[in-house]
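Participant: Predicted model, plus sequence, below.
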Amino acid sequence: MNAIPMINVFSKPCYSQFDDQDWEILAHHWYPVARIQDVNEKPQQVTLLDVKLAIYKTESGVIHLVRDICPHRGVPLSKGWVSGENIVCPYHGLQYNEQGKCIKIPAQPELTKISDRFSLTKFPVVEKYGLIWTSLFSRNEIAANFPVLDTWDTAEHQSILPPFVDIAGSSGRQLEGFIDVAHFAWVHHNAFADRDNPVVPKYNTERTPYGLHTEYVSNVSNYPHGMQHLAPEGFLWKRVFDVYPPFSAILTVHFPNEGILKILNACCPVSHNQTRLFVPLTRNFDTTGDLQAVYDFNAQIFAEDQELVESQKPEELPLDISMEAHFEADRSSTTYRRILAEWGLSKRYIV
């Protein structure tokens, strides 16, 4: 991982609608901000918790993340370019090396000792599951609560990374919707479920060192409607949810003939009501099938969820359990809310 010369040199942006304490807590966790395949030598702006970052790849192939602001006159570095291993500010041509130090001020070429005030705020870069992960404040990659998608780099499983999805809704609401099994029949009836089969059998949820683990068994097929005939008669579908707070979860679906589909739902909380969703997935069946069909089915599912998440009120995820009504099938979501509340996130939590 790249050396990080500066840490905690900024606070919550003044325009952010996060509660101060909530922002501070969330800023110590790790999130995906981009797909590796989308990063190149043209700096791009990405946003995490209302903080604007510039992501770019140098000529040697190293990916860097810096705060998207030149310390000289505040111009976004994402409007600049890469020169060798350096990023160049477009306003006055200042060049910053891989450590974030300014090494050249063209207006004063004779200057050999440049003040440390001309230094970029750098962020860690961790590559996992085809994604770039980072944290605003944490620098302890070993202690990070990364989701474990253990099939991503195995020969038996095909790894697929669909396009990301931008959602005008909170990451907490989106993640809770992902682990909600009671909505299948009502939201996804056009994709795979059936409104005539809405019953949710009792299931178990338990806390784990990383978050929570849920195992759910039902006769609701995971095949698209056009492929329902592939499921053997009487087959029971086992779905396992592993939640890695604050905003990641893995769904493992057990298909017929020992087929395994794993879907990572990984949120980047762009702002209090903006989420960029990344969905790496793996499967050990149909590995030579049409990838576009996978992309299309994935897009359909998340578009169906998106419409609901973007309309929920309040936008924030209520961590006070008494603020909304619950029934038995909500046990995963209420456990998830309790974990976030125990972290110290506020009852008026906005994310």
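Facilitator: Right, received. Where do you want to start? In this text the structure is predicted, and so the values were computed from the model without any measurement. Numbering: from 1, shown residues only.

Participant: For residue 268, which non-adjacent residue is spatially closest?
Facilitator: The shortest distance from residue 268 to any non-neighbouring residue, by Cβ to Cβ, 6 or more residues apart in numbering, is to residue 276 (4.2 Å). Glycine gets a C-beta too; all of them are placed from N, C-alpha and C.

Participant: where does the residue nearest the centre of the chain land in three-state SS?
Facilitator: For the chain, the residue nearest the mean C-alpha position is residue 267 (2.6 Å; Cα atoms, centre = their mean). Residue 267 carries the three-state label strand when classified by DSSP: H, G, I helix; E, B strand; the rest coil.

Participant: Please tell me how far it sits from residue 320.
Facilitator: Distance, residue 267 to residue 320, using Cβ to Cβ, to the nearest Å: 22 Å.

Participant: just residue 255 next, same as before
Facilitator: In terms of Cβ to Cβ, residue 255 sits 39 Å off from residue 320.

Participant: Settle it for me: which of these two has more neighbours?
Facilitator: residue 255 (20 against 12; other Cβ atoms under 10 Å).

Participant: residue contacts, that one?
Facilitator: 222, 237, 261, 285 (Cβ atoms under 8 Å, 6 or more residues apart in numbering).

Participant: Could you confirm the third one falls within a strand?
Facilitator: Right, residue 261. Yes. Assigned with three-state DSSP, residue 261 falls within a strand.

Participant: pull the longest helix from this structure.
Facilitator: The single longest helix within the chain, with elements called by DSSP state H, is helix 291-309.

Participant: what about it, distance to the chain center?
Facilitator: From the chain centre to the centre of helix 291-309 is a distance of 16 Å (Cα atoms, centre = their mean, to the nearest Å).

Participant: Just the buried residues of it, please?
Facilitator: For helix 291-309, the neighbour count (16 or more other Cβ atoms under 10 Å) marks 294, 297-298, 301-302, 304-306, 309 as buried.

Participant: In a markdown table, list the residues you listed along with pLDDT and distance to residue 115.
Facilitator: Formatted as a markdown table, the buried residues of helix 291-309 follow (pLDDT from 0 to 100; distance: Cβ to Cβ, whole Å):
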| residue | pLDDT | distance to residue 115 |
| --- | --- | --- |
| 294 | 91 | 52 |
| 297 | 93 | 54 |
| 298 | 90 | 49 |
| 301 | 94 | 52 |
| 302 | 91 | 47 |
| 304 | 94 | 54 |
| 305 | 95 | 49 |
| 306 | 94 | 47 |
| 309 | 95 | 46 |
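
Participant: just so I have it, where are all the helices in this protein?
Facilitator: With DSSP H as the criterion, the chain has helices spanning 20-26, 171-178, 184-187, 291-309, 331-342.

Participant: Export only the CA atoms of the first one, formatted as CSV.
Facilitator: To tie it back to what came earlier, the one meant is helix 20-26. Only the C-alpha atoms of helix 20-26 are listed here, as CSV (Å, rounded to 0.1, in the frame of the first residue of the first chain):
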residue,chain,number,x,y,z
ASP,A,20,-20.9,15.4,13.0
GLN,A,21,-20.5,12.3,15.1
ASP,A,22,-22.0,10.0,12.5
TRP,A,23,-19.6,11.3,9.9
GLU,A,24,-16.7,10.8,12.2
ILE,A,25,-17.6,7.2,12.9
LEU,A,26,-18.3,6.3,9.3
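
Participant: which parts of it are buried?
Facilitator: 22-26.

Participant: quick one: average confidence on that helix?
Facilitator: Confidence over helix 20-26 (mean pLDDT, whole number) is 94.

Participant: got a list of what the residue nearest to residue 268 touches?
Facilitator: Contacts of residue 276 (Cβ under 8 Å, 6+ apart): 33, 46, 164-167, 267-268, 270.

Participant: Can you say which of these are buried?
Facilitator: Buried among the contacts of residue 276 by 16+ other Cβ under 10 Å: 33, 46, 164-165, 167, 267-268, 270.

Participant: I'd like the residues you listed as TSV, with distance to residue 337 appended.
Facilitator: Output for these, formatted as TSV (distance: Cβ to Cβ, whole Å):
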residue	distance to residue 337
33	25
46	28
164	25
165	23
167	19
267	16
268	20
270	21
